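S.K.: no sequence on this one, just coordinates:
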């Protein structure tokens, strides 16, 4: 599933939105890269969030274009 989210500023919100779609059988998780995947085709949203936080830098400088 490729998602386009146009509103929001929360990583957890984006994961929850897409994860709920997948878990409600409206989509299927095919593969991941460095994010936990138990092979069931569903998403553990909390585990995915933990994995993303472990990979993200603690601080990042972002400038508004």
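M.R.: Here it is on my side, so go on. Source: prediction; values computed, not measured.
S.K.: does residue 62 lie in a helix or a strand, and which?
M.R.: If you go by DSSP states H and E, residue 62 is not part of any helix or strand.
S.K.: burial measure for it, as a count.
M.R.: Close neighbours of residue 62, defined as other C-beta atoms under 10 Å, add up to 5. In this view, the C-beta of every residue, glycine as well, is placed from N, C-alpha and C.
S.K.: chain center to the lowest-mean-pLDDT helix or strand in the chain, what's the gap?
M.R.: Of the helices and strands making up the chain, the lowest-confidence element is helix 11-21, at a mean of 89, by mean pLDDT, DSSP states H and E. Computed by C-alpha atoms, centre = their mean, to the nearest Å, the chain-centroid distance of helix 11-21 equals 6 Å.
S.K.: what comes up buried for it?
M.R.: 15-16, 18-19 (16 or more other C-beta atoms under 10 Å).
S.K.: for stretch 28-38, same thing?
M.R.: Using 16+ other C-beta under 10 Å as the test for burial, stretch 28-38 gives 29, 35, 37.
S.K.: many thanks, we can stop here.
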